[in-house]
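Colleague: let's see this in three dimensions:
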Amino acid sequence: MERRSFFALRVGLFLSAVLMAVGVAIAENKRPADCESADAADQVGEFDLRTARRLTGDWGGVRTDIEDAGFKITFKLMNQIMTNMHGGAETKNGHDTAGSYEMSFYLDFEKMGLIEDAWFFIQAEGNWGGDDSDFDKEKVGGLFKTNQDAKSEEPLFVDLWYWAQSFADDKLELRFGRLLLLKSFFDTSKVIGCEDTQFMNRALVYNATIPLQKGLSLYVNYDITEQLYVRAAAMDIHSRNRQTNFNTAFHDEDEFRFHGEVGYRPKFSSARGDLWGHYRVGTWYDPGRREEFFDTAGGVLASRHSSGHWGFYIGFDQMVWKESDEPSGKQGLTIAGRYGQADGTVYRIDRFWSLAGAYEGIVPGRDRDVLGLGFGQGIVSDEYGDIHERADRESVYELYYSIHVKPYLTITPDLQFITNTGGHEDDPDTFVGGVRFKMSF
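Modeller: This is a model prediction of the structure:
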């Protein structure tokens, strides 16, 4: 009885916090209709905290001047507060806070008058809390992280960098450097692809059957038509953080994972203007050596390893309803889905699918707010199930409401319900709540 009461109290407190956040956001955002949007430039001159796109504004015009000269600097701060309200591995002290901060530099060499159609990008990232607090491992125990932004605590380090060059009237683009191929270039989605502004659970950010890694890569994209494209990339599979990755990419054991994708971006006409879409199919191949799922009879038999594994995926995004007939209007409903398969002899999750919808501007007068509802499921491979009794699948249901408090600040209450937490039959269900804060400086 006490346990149920404690659970009810936690749920009540969390929902109260959510309602308070929504109320504050609505009260603070009763602004004139012609107020600047987050897509507009910061006002040059006197700084106005109510309308600035970024918290530090335009630096008295300096920021605009250097951006016009080809140099752009951005800084953002993320923080998430999570709590396991029921089920999972443990609810005692089942709360956690984690966050990250990113600083990026963009150099447009064409604006600088140096090289036409070329640019350079570099990003540094730091993290706190995250994996070191063991929230997902000790308190939840699921297959998917409930907070994809949470990482091991690290001071600021260079995380991504690349040189980019476009040719043939921007139809052909090449990038070389340390890249995040998944989410940035392959299986991209405007609904289920960004843990900073959309869903938080990994099952609704990435396709679990595609290897996730950052590393030294060569990427090429060719736009066959305005709607049809083909892209491919090769990535060093031995890359490590806090390294240039040249030491792992070019040595005696140099091995590269290959990615390929064909995509189609149609526009369907409707009574309220064009409805955009994005449909894609892709594959990947990893030559690396991995241990197979094999019953060694307690170590009596030798383990098995194999090389050369691959997978494929399909995905789509489609706007299905638009509120206004304005060409630039974003208010409306967009749905998205993913499916993927991988080699079950070495990958624990060999089948995965997700489906989600996001409605921007669902509340009257709150045109920039987004309501999202999604479902993701990872299915454990038969080979893994042969040596792990009752292995099955894990399912994730997630609901969020992104509140556009100011152009530089969003607050996102989030609820997740996870069944078979851990991927085995009879594993407990879990109810997780969280609040995410994102600020741009």
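
Colleague: run through the stretch 151-300 of the chain and note the low-pLDDT ranges.
Modeller: Across the stretch 151-300 of the chain, the ranges flagged by pLDDT under 70 are 252.

Colleague: quick check: closest non-adjacent residue to V370.
Modeller: Distances taken as Cβ to Cβ, 6 or more residues apart in numbering place S402 nearest to V370, at 4.3 Å, with adjacent residues excluded. Heads up, the C-betas are built off the backbone N, CA and C, glycines and all.

Colleague: the helices in the protein, which residues?
Modeller: 2-28, 62-68, 181-184, 246-249, 382-387 (DSSP state H).

Colleague: list the contacts for T296?
Modeller: A302, S303 (Cβ atoms under 8 Å, 6 or more residues apart in numbering).

Colleague: and the most centrally placed residue in the chain, what is it in contact with?
Modeller: Taking Cα atoms, centre = their mean, the centroid of the chain lies closest to C194, which sits 2.9 Å from it. Residues in contact with C194 (Cβ under 8 Å, 6+ apart) are K183, V205.

Colleague: quick one on the thing from earlier: what's the burial count for the residue nearest to V370?
Modeller: 22 (other Cβ atoms under 10 Å).

Colleague: tell me how far it lies from R202.
Modeller: If you measure S402 against R202 using Cβ to Cβ, to the nearest Å, the figure is 18 Å.

Colleague: and if you look at T74?
Modeller: Plainly put, T74 is 25 Å away from R202 if you go by Cβ to Cβ.

Colleague: and those two? Which one has more around it.
Modeller: R202 (23 against 13).

Colleague: I figured the more buried one was touching G142, is that so?
Modeller: No: judged on Cβ atoms under 8 Å, R202 makes no contact with G142 at a distance of 9.2 Å.

Colleague: what are the phi and psi values at the residue of the chain positioned farthest from its centre?
Modeller: For the chain, the largest distance from the centre (Cα atoms, centre = their mean) belongs to V300, which lies 42.3 Å off. Phi and psi for V300, reported as degrees, to the nearest 10, are phi -70, psi -40.

Colleague: all numbers from here: first residue = 39
Modeller: OK, 39 is where the count begins now, so the last one is V338.

Colleague: residues in contact with it?
Modeller: Not one residue lies near V338 by Cβ under 8 Å, 6+ apart.

Colleague: separation between it and A136?
Modeller: Taken as Cβ to Cβ, the span from V338 to A136 is 42 Å.

Colleague: now do F195
Modeller: 17 Å.

Colleague: which of those two has more residues huddled nearby?
Modeller: Remark: of F195 and A136, A136 carries more neighbours, 24 against 12, as counted by other Cβ under 10 Å.

Colleague: for the closest residue to the more buried one other than its chain neighbours, the count of nearby residues, please.
Modeller: The shortest distance from A136 to any non-neighbouring residue, by Cβ to Cβ, 6+ apart, is to G167 (3.4 Å). By other Cβ under 10 Å, 22 other residues sit near G167.

Colleague: please apply the same query to D274.
Modeller: 24.

Colleague: same question, H343
Modeller: Neighbour tally, H343, other Cβ under 10 Å: 11.

Colleague: dig out what it forms beta bridges with.
Modeller: For H343, the beta-bridge partners under DSSP bridges are E329.

Colleague: I figured it hits G326, correct?
Modeller: No: using Cβ under 8 Å, H343 makes no contact with G326, being 10.2 Å away.

Colleague: where does the stretch 39-188 of the chain have low pLDDT?
Modeller: If you take pLDDT under 70 as the line, the stretch 39-188 of the chain has these spans: 39-85, 168-171.

Colleague: what about the strands in it?
Modeller: Here the stretch 39-188 of the chain has its strands, by DSSP state E, counting those that start in this stretch, at 109-125, 133-146, 156-166.

Colleague: thanks again, I'm all set now.
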